[in-house]
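J.: Fold the following, please.
(one chain, ligands or ions: 1)
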Amino acid sequence: MTSIVPVVPGLLRRDGQRIVEAHSSATLILTSDSIILVDTSSHELRAGLLDGLKRAGIAPSQVDIVVLTHLHHDHIGNLDLFPSARKLARVEESPGKSIEAVTSDLDIAPGMSLMHTPGHTRGSMSVVARADDAVYVMAGDAVPTRSNYDKWLPPGINIDPGLALSSMGRIRRVADVIVPGHGEPFPSRRER
Ligand SMILES: [Zn+2]
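T.: Numbers count the residues shown, from 1 in each chain. Below you'll find the model as predicted:
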């Protein structure tokens, strides 16, 4: 049995087009044999992240794998809390030697896989996990907010808006529930 537990929802505050505050969401994926954390939020939300882990009954030292959707600072601000976890990020993000470079779409646990969803950055990656008969996609900033998805707008920060929209399309095709880079999970309302 796999369950998805939002740890912190994160937030993105804009003033017009300008981003004035950004903290990523962080999400636990609890499977029968491993504890996986997707993104670690920003350093400013460290207390919230620790509280959220505690509410889920998980100590930072119990986290087996940290998947980083990309390496912007508002997603990796608490990586130091997980010194012994296996860490994964796409090779295009130039992750350095303490983080394993992912080069293809991998199955990392039963019912769980990584999906390259570039556009926000070259190495943006989503995590796909089946839980409670639904497919969850932890999208990172491939879908920065629910509003991007509802209005079908690519992330404001992007390397290629067309590529970003085609990644959003891939996410829409597989997801029942999307966990955006910033904010609460929401239903994708994909057509079946
Ligand atoms: Zn980002």
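J.: For the ion, see how far away the residue positioned nearest the centre of the chain is.
T.: In the chain, the centroid-proximal residue (Cα atoms, centre = their mean) is residue 140; its distance is 3.7 Å. Per Cβ to the ion, to the nearest Å, residue 140 is found 7 Å from the ion. Yep, even glycine has a C-beta here, placed from its N, CA and C like the rest.
J.: Need the per-residue pLDDT for the closest residue to that residue other than its chain neighbours.
T.: Closest residue to residue 140 apart from its sequence neighbours, by Cβ to Cβ, 6 or more residues apart in numbering: residue 69 at 2.4 Å. Looking at residue 69, its pLDDT reads 98.
J.: Tell me the secondary structure at residue 69.
T.: coil (DSSP: H, G, I helix; E, B strand; the rest coil).
J.: which residues touch it?
T.: 24, 38-39, 75, 124-127, 138-142, 181 (Cβ atoms under 8 Å, 6 or more residues apart in numbering).
J.: Kindly recompute the last result at 10 Å.
T.: Going by Cβ atoms under 10 Å, 6 or more residues apart in numbering, residue 69 touches 24-25, 38-39, 75-76, 89-90, 93, 114, 117, 120-121, 123-127, 138-142, 179, 181.
J.: next one: residue 112
T.: 2, 29, 31, 34, 36, 65, 67, 106, 127-131, 136.
J.: what's the neighbour count on residue 52?
T.: 20 (other Cβ atoms under 10 Å).
J.: Provide the backbone phi and psi angles at the closest residue to it other than its chain neighbours.
T.: Spatially, and ignoring its direct neighbours in sequence, residue 52 is nearest to residue 7 (3.5 Å; Cβ to Cβ, 6+ apart). Per-residue torsions, residue 7: phi -100, psi -50 (degrees, to the nearest 10).
J.: And for residue 7, the neighbour number?
T.: Here the number of neighbours of residue 7 (other Cβ under 10 Å) works out to 25.
J.: got the contact list for residue 61?
T.: 81-85.
J.: Bridge partners for residue 67, pull those for me.
T.: Beta-bridge partners for residue 67, by DSSP bridges, are residue 38, residue 88.
J.: does it really touch residue 102, like I thought?
T.: Yes: the pair residue 67 / residue 102 is scored as a contact, 8.6 Å apart, by Cβ atoms under 10 Å.
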